[in-house]
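Peer 1: quick one, structure for this:
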Amino acid sequence: MEFPDLGKHCSEKTCKQLDFLPVKCDMCKQDFCKDHFIYAAHKCPCAFQKDVQVPVCPLCNIPIPIKKGQVPDVVVGDHMDQDCGYHPGKKKEKIFTYRCSKEGCKKKEMLQMVCAQCHGNFCIQHRHPLDHSCRHRSRPTIKAG
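Peer 2: Presented below is the predicted three-dimensional model:
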């Protein structure tokens, strides 16, 4: 062996593989091979200090802060029972809110389409001045088709 100090053995008890590119765990400071460098793979005793996850409420999609030692399921359950802003019985916002100003038309649109001449709000069918008999113009030149 020309390089006896090259590489290190994996610190995992069941592995001990000689690795020429070992990875040092940033928490327990031990050397591991590519198969055991993840916290869960070598059962790192210090992983809880760095492996922090924030649970998210499945109803309102708000992150729920938890303190050390608390069970995330219990905290999220308490949030859903008390503080959650989601109410299934609450009416949803209306999407089609802009009603057509043409007489006799009851269509509603998602987007507001205001006539530049009379400033009325119209549906797609009546959006052109000639289609809604715009009163601002003196006489229509060509009927829009």
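
Peer 1: show me where the protein has its helices.
Peer 2: When assigned using DSSP state H, the helices of the chain occupy the ranges 72-82.

Peer 1: please report how far residue 100 lies from residue 109.
Peer 2: Between residue 100 and residue 109 the distance, using C-beta to C-beta, to the nearest Å, works out to 7 Å. For every residue, glycine as well, the C-beta is placed using N, CA and C.

Peer 1: what touches both of these two?
Peer 2: Counting by C-beta atoms under 8 Å, 6 or more residues apart in numbering, the shared contacts of residue 100 and residue 109 are residue 123.

Peer 1: ok, these two, which is more surrounded?
Peer 2: Legend: neighbour count by other C-beta atoms under 10 Å for residue 100 and residue 109, higher for residue 100 (21 against 18).

Peer 1: need the contact list for residue 101.
Peer 2: Contacts of residue 101 were listed using C-beta under 8 Å, 6+ apart, and they are 120, 121, 122, 132.

Peer 1: try it again at 7 Å.
Peer 2: If you count contacts by C-beta atoms under 7 Å, 6 or more residues apart in numbering, residue 101 has them with 120, 121, 122.

Peer 1: relative to residue 65, which of those is nearest.
Peer 2: When the contacts of residue 101 are compared for distance to residue 65 (C-beta to C-beta), residue 121 wins out at 44.6 Å.

Peer 1: distance check, that closest one against residue 94.
Peer 2: Using C-beta to C-beta, residue 121 is found at 15 Å from residue 94.

Peer 1: these two: who's more crowded?
Peer 2: Taking residue 121 and residue 94 together and counting by other C-beta under 10 Å, residue 121 has the greater number of neighbours (18 against 8).

Peer 1: and the gap between the more buried one and residue 110?
Peer 2: Separation of residue 121 from residue 110 (C-beta to C-beta): 12 Å.

Peer 1: residues touching residue 64, list them.
Peer 2: By C-beta under 7 Å, 6+ apart, the contact set of residue 64 is 55, 56, 57, 75, 76, 79.

Peer 1: among those, name the buried ones.
Peer 2: 57, 75, 76, 79 (16 or more other C-beta atoms under 10 Å).

Peer 1: low pLDDT regions in the protein?
Peer 2: Applying pLDDT under 70 to the chain picks out residues 1, 51, 87-93, 136-145.
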